[in-house]
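[1] build the 3D model from these lines:
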Amino acid sequence: MSRMWKLAVPVLLLTAACANPTPATQDPPAPPATLAHVHGLGVNPADGMLYAASHFGVFTVPADKAPERVGDRTQDTMGFVVVGPNHFLGSGHPDRPEPGTAPHLGLIESKDAGRTWQTLSLKGAADFHSLEVKHNRVYGYNSQNGQLMVSENQRDWDTRGRVAMADFTVSPADPDVVLATTREGLVRSTDGGRTFAAAAGSPRLVLLDWSEGEVVFGVGMDGIVHVSGDSAATWTAKGRVTGTPAALAAKGSAVYVATESAIHASTDSGGTFTLRQALK
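    Residues are numbered from 1 along each chain as shown. Okay, the predicted model is just below:
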């Protein structure tokens, strides 16, 4: 799970009269070879490897050596979810935009652990900043229209509610129960994301992961990790990471949190964290 609220900032470009314009055919600069600007995290059940989706492609993040980019695509992978062994879904922006086409990947799929990707649907129309796969459905938050969208076949989509959210997660037990983080606080839906209501008494969270049973993990903007054992009815503050949270993934007692400067790992359900990987 990942995502931060973004504000559009107008940019004024000043060009000197004597400046030489950059040729339209000039190749873009090569992307950095190191991992930075993480948007999503996930563990591949095929081998237990941690993967990080970033502004410049998907990387493996071993515990004992430097991250390595997977494949030769350097797309800005905004949304990312591990579906099963070596099976990933993603979204974001292409590394080589096509002229005349909106720079949105729609829903893309890899069945070889990120080495190659294929377009499934909504190319040019959707930029999913958060993705989940549960109950044989894909749930995605489309940043282009601010709406939650759901698909049962990864090609045809049902548009649900419009909520400005940073992240969301779906109950493993009930396909209609959705939690989402907003500027106003945590909200809950009991109708599949069509409508949302405030989740009273919840901490202020930005990231969520509801991977098993009634246990929900959340991270606040202050880096404090919160855990609920009763489907987000009550919460307990646990450990803390330094930096601005950017991505969260949990599996059993293992919890991973990425910030702008590092990926942190916990083996005790978020109670304590160690440095997994410093980021450039």
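
[2] going forward, measure contacts and count neighbours with C-alpha atoms only.
    OK.

[3] number of residues surrounding residue 82?
    Residues near residue 82, counting by other C-alpha atoms under 10 Å, number 21.

[4] give me the contacts around stretch 137-155.
    Under the criterion C-alpha atoms under 8 Å, 6 or more residues apart in numbering, residues 107, 120-122, 125-133, 136, 157-165, 168, 193 lie in contact with stretch 137-155.

[5] and those, which of them are buried?
    Burial by neighbour count, 16 or more other C-alpha atoms under 10 Å: within these this picks out 107, 120-122, 125-133, 157, 159-165, 168, 193.

[6] go through those and flag which are in helices.
    Among the buried ones among the contacts of stretch 137-155, no member falls in helices (DSSP state H).

[7] surely residue 53 touches residue 78?
    Yes. Contact criterion C-alpha atoms under 8 Å: residue 53 and residue 78 qualify, at 7.2 Å.

[8] joint contacts of these two?
    Shared contacts of residue 53 and residue 78 (C-alpha under 8 Å, 6+ apart): 39-40.

[9] what mean pLDDT does stretch 191-200 get?
    Mean per-residue pLDDT for stretch 191-200: 98.

[10] export it as CSV, just CAs?
    Extracted as CSV, the C-alpha positions of stretch 191-200 are listed here (Å, rounded to 0.1, in the frame of the first residue of the first chain):
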residue,chain,number,x,y,z
ASP,A,191,-21.1,-1.3,0.5
GLY,A,192,-18.0,-2.0,-1.5
GLY,A,193,-16.7,1.5,-1.6
ARG,A,194,-19.9,3.2,-2.9
THR,A,195,-20.3,5.3,0.2
PHE,A,196,-18.0,6.1,3.1
ALA,A,197,-18.5,7.3,6.7
ALA,A,198,-16.0,8.4,9.4
ALA,A,199,-14.4,5.7,11.5
ALA,A,200,-14.8,7.3,14.9
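
[11] what residues does it touch?
    148, 160-162, 175-178, 185-190, 233.

[12] give the buried residues for it.
    192-194, 196, 198-199.

[13] can you give me the buried ones in the helix or strand harbouring residue 250?
    Applying DSSP states H and E as the criterion places residue 250 in strand 245-251. Residues 245-250 are the ones in strand 245-251 that count as buried (16+ other C-alpha under 10 Å).

[14] what lies in contact with it?
    Outside strand 245-251, the residues that touch it by C-alpha under 8 Å, 6+ apart are 1-4, 38-43, 206-212, 217, 219-223, 255-260.

[15] report the buried members of those.
    Buried members of these, counted by 16+ other C-alpha under 10 Å: 1-4, 38-43, 206-211, 217, 219-220, 223, 255-260.

[16] of these, which belong to strands?
    Mapping these onto strands (DSSP state E) picks out 38-43, 207-211, 217, 219, 255-259.
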